[in-house]
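In: The following block contains a protein sequence and its predicted model.
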Amino acid sequence: MLCTCSVALIAQQPTFTKVFGDHFNPVQGCGIVKTFDSNYMVVGSISRQALILKMDQGGNILWDKKISFPGYFSAWLTRIIRTHDSCFAVVGNLNDNDIVCMKITADGDTLWSRSINFGNDDYANSIFETYDKGVLIAGTSYLNNVPPYSKMAIVKLDSVGNQEWSSLLTIGTNANEAASVRQTFDSGCILIGTTQNSEFKGATTLVKLNSTGTGAWSKRIEYPFSSSAGLDVIATDSTLFCNTDVPGIGTALIKTDFSGNILWSKYGFGGGNGFSYRGILRPRFQCTADNGFAFVSVGAEGSLVKLEPTGNLKWTKSLRLDVMDMTESYDHGFMVIGNGPLIGVKLVGPLGYQLGIVKSDSQGNGVGCIEDGSDFSDTCVLVSIPISVITSMAAGNVIAIHPFISDPSLSSFDGCIDVTGGVDDCLTQQDGLVVFPSPVRNTFQIKIINRDKLTFKSLTINNIIGEKVFQSSCPQLLKSEIDLCQQPDGLYMIQVVFNEKTYSQKFLIRH
C-alpha cells in the first residue's frame, strides 16, 4: 500500500514547460535558485544588460528587473545563491572583462554591488557564502596571447562587499580555469577546475586553500583514455564529490578523501562539455533530498542526470533546451532553465533570445521537451597526482558600483523554446512582418510593412519542433487568409522570403 501511495504522489507532481521572452530584446537565463518563500529566482541577461526575475512554482513571473551599470555597455548575471539573512548573492560579468557581485534583498533591491578586476579579461564561474557571512568568488582571468593563457582567479569579500583577499593561481603551463569553489569545514576552501599543459591535454584539478587564501595542497586527476574538465565539487567533513567532464564519453563522478586521494569514480552520464570557452558556464552539482546527486550537462539539448548516493545512475533525461542550470524543486522534482532557439540566431552573438523553463517530476518526466536519455555508466581507474601551484596574492581590484534598475516587462507562454532561428526577430513600425489576429484561432493573415520593390518567393510555417506544417510560393497568400485549423495549439514560426529580404515572426495558435 505504501508503494501504491508513493507512485500516486509522483504522478500528481505538477510539470510544465514555459518560455519567457521579449520580442525586441534577446533574453538569456543562466542561474536559478529557490527563494525563502517557496518561489524561484532566475538571473541572466536581457538586451546585453543584467536580468533578475522571480517566478512562482507554476512558472509565472511575479516580478522582473533589468539592471544596468553606468560606465559599462554590457552586463549579465550567471549565478545566484541564498544567504543566511534571507537575501541573495549574485555574480556575473561586465563588458567581457570585469566581474560583478551584488547582494540583493528578497524583493530584488540592491544592498551593495562591486566590480572586480584582476587586470585581464576576467569571468566569474561560481559564488559561495562563507561561515563568516562573506562570499567566495571563483573564475578565470584570461591573459590573451601570453602563456599561461589563463589563470584561476579567486576573491574573498566580507559581508558588506569589502575585499579581504584575492589571488591568481597558475598550475598548467598553457591554461587554467576555476569552475567552482566551496568552503570546507576548516574555513578554508576547495577549488575545482581544469589545467592544460603544453600538449593541450586538459585535466581535472583540485586546489585546497587555507582560510587566508594560501595553498594547502593541489591534485591533478588524470584519466587514462582522455582529457577531462573539472565542473563542480561538493565538500563534506571527510570527503569530496567531484563532477567532471570527459569529452566524447560524458560526465563523471569522483569521490575522494579530504586530501584529494581517489576513493572511486564512475563515468558515462549525460553529454560532455569539453574544455571551457570564455564566458561558458559550468553546471552546478547538487545534493538531493534523498541524499543522492543531480546535475545538468550544459549546452544544446543537454541532459538532466540523477544519481544514487553511491554514484550509480538512476536515470538520464535529454532536454530540448540549451541547458544552463537547474535546482531541485519543492516537490522533489527538478526545475531546469536554458535558452533558445537551439540553432540559427542572428545578431545576438552567444545570447539566445528566449529563456526556457522545464519543470519535471522526481523521476525526470515532464509534459514536453524531455526524452529518455542514455543509461550507460561504468567505473574507471584514475590517477591523482600532487602538483605545485604558483600563487599571486592581492591581485584583485574591487570597486563599489551603483546599478540602474528598470522594468523589462517580459512576456511568457506555455511550450518549448524554438528549434531554429536565423532571421532577425526585431520588428519596427517601418519594417517587419505582422501576424493577425494574435493569437490565431483557425485562420489568419499577414502584413509586410515596407515591402516596396520586394518580389515574393515563398512562405513557410514550422511548428515548435521545427517540422514544416505549411509551405507555398503563391503570392496571393499575402492578400488572403491562411488556414491552420488542423494544427494543434502551440507556438509556430512563419518565414516569408522575398528576393532581397527574409521576414520571420513567431505566433501562437489557440483554438
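Out: Yep, it's here.

In: CA atoms for contacts and neighbours, from now on please.
Out: OK.

In: Asp121 contacts Leu143, correct?
Out: Yes - judged on Cα atoms under 8 Å, Asp121 makes contact with Leu143 at a distance of 7.0 Å.

In: Those two: which is more packed in?
Out: Neighbour totals were compared for Asp121 and Leu143, and Asp121 leads with 19 against 16 (other Cα atoms under 10 Å).

In: What distance do you get for the nearest residue to that one once chain neighbours are set aside to Glu500?
Out: Distances taken as Cα to Cα, 6 or more residues apart in numbering put Asn97 closest to Asp121, at 3.9 Å, once the chain neighbours are dropped. To Glu500, Asn97 is 38 Å away according to Cα to Cα, to the nearest Å.

In: neighbour-wise, which of these two wins?
Out: Between Asn97 and Glu500, counted using other Cα under 10 Å, the more crowded position is Asn97 (16 against 10).

In: contacting residues for the more buried one?
Out: 117, 120-123 (Cα atoms under 8 Å, 6 or more residues apart in numbering).

In: What of Asp407?
Out: 64-66.

In: Same list, the residues you listed, but as a markdown table with pLDDT, secondary structure and neighbour count please.
Out: Formatted as a markdown table, the contacts of Asp407 follow (pLDDT from 0 to 100; DSSP: H, G, I helix; E, B strand; the rest coil; neighbours: other Cα atoms under 10 Å):
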| residue | pLDDT | secondary structure | neighbour count |
| --- | --- | --- | --- |
| Asp64 | 95 | strand | 21 |
| Lys65 | 96 | strand | 22 |
| Lys66 | 95 | strand | 22 |
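
In: any idea which of those residues is the one closest to Asp483?
Out: Checking those against Asp483 with Cα to Cα, the nearest one is Asp64 at 36.6 Å.

In: now the end-to-end length of stretch 97-112.
Out: End-to-end for stretch 97-112, by Cα to Cα: 20 Å.

In: Could you pull out the buried residues of that stretch?
Out: 97-104, 106, 108, 110, 112 (16 or more other Cα atoms under 10 Å).

In: swap in stretch 483-499?
Out: Result for stretch 483-499 [16+ other Cα under 10 Å]: buried residues 484, 489-498.

In: So what touches it?
Out: By Cα under 8 Å, 6+ apart, stretch 483-499 touches 414-415, 441-444, 454-464, 502-511.

In: dump the residue contacts of Pro309.
Out: Pro309 neighbours (Cα under 8 Å, 6+ apart): 291-293.

In: ok so, going back, give me the subset of the contacts of Asn97 that lies in strands.
Out: 117, 121-123 (DSSP state E).

In: burial count for the nearest residue to Ala289 once chain neighbours are set aside?
Out: Closest residue to Ala289 apart from its sequence neighbours, by Cα to Cα, 6+ apart: His332 at 7.0 Å. His332 has 17 neighbouring residues, counting by other Cα under 10 Å.

In: Give me the secondary structure label for His332.
Out: coil (DSSP: H, G, I helix; E, B strand; the rest coil).

In: for it, what are its contacts?
Out: 288-289, 361-362.

In: In terms of secondary structure, what does the helix or strand hosting Ile81 contact?
Out: Ile81 is part of strand 75-82, with elements assigned from DSSP states H and E. In terms of contacts (3 or more Cα pairs under 8 Å, 6 or more residues apart in numbering; DSSP states H and E), strand 75-82 is packed against strand 27-34, strand 40-46, strand 49-55, strand 88-94, strand 121-129.

In: could you give the angle of that strand to strand 121-129?
Out: 20 degrees (axes from the mean of the first three to the mean of the last three Cα atoms, to 10 degrees).

In: And for the host helix or strand of Lys457, what's in contact with it?
Out: Using DSSP H and E, Lys457 sits in strand 456-462. Under the contact criterion Cα under 8 Å, 6+ apart, strand 456-462 has outside partners 468-475, 492-499.

In: quick one: strands adjacent to it?
Out: Strand 456-462 pairs in its sheet with strand 468-472 (antiparallel), strand 490-498 (antiparallel), by DSSP bridges.

In: Which residues outside the first one are in contact with it?
Out: Okay, so that is strand 468-472. Applying Cα under 8 Å, 6+ apart, the set of residues contacting strand 468-472 is 458-463.

In: residues touching Leu191, list them.
Out: By Cα under 8 Å, 6+ apart, the residues touching Leu191 are 138, 178-182, 206-209, 233.

In: now, which of the contacts of strand 456-462 sits nearest Tyr40?
Out: Out of the contacts of strand 456-462, the member with the shortest distance to Tyr40 (by Cα to Cα) is Tyr492, at 28.2 Å.

In: Leu478 versus the closest one, what's the distance?
Out: From Tyr492 to Leu478 the distance is 18 Å (Cα to Cα).

In: Tell me where this structure has helices.
Out: Along the chain, the stretches classed as helices by DSSP state H are 2-11.
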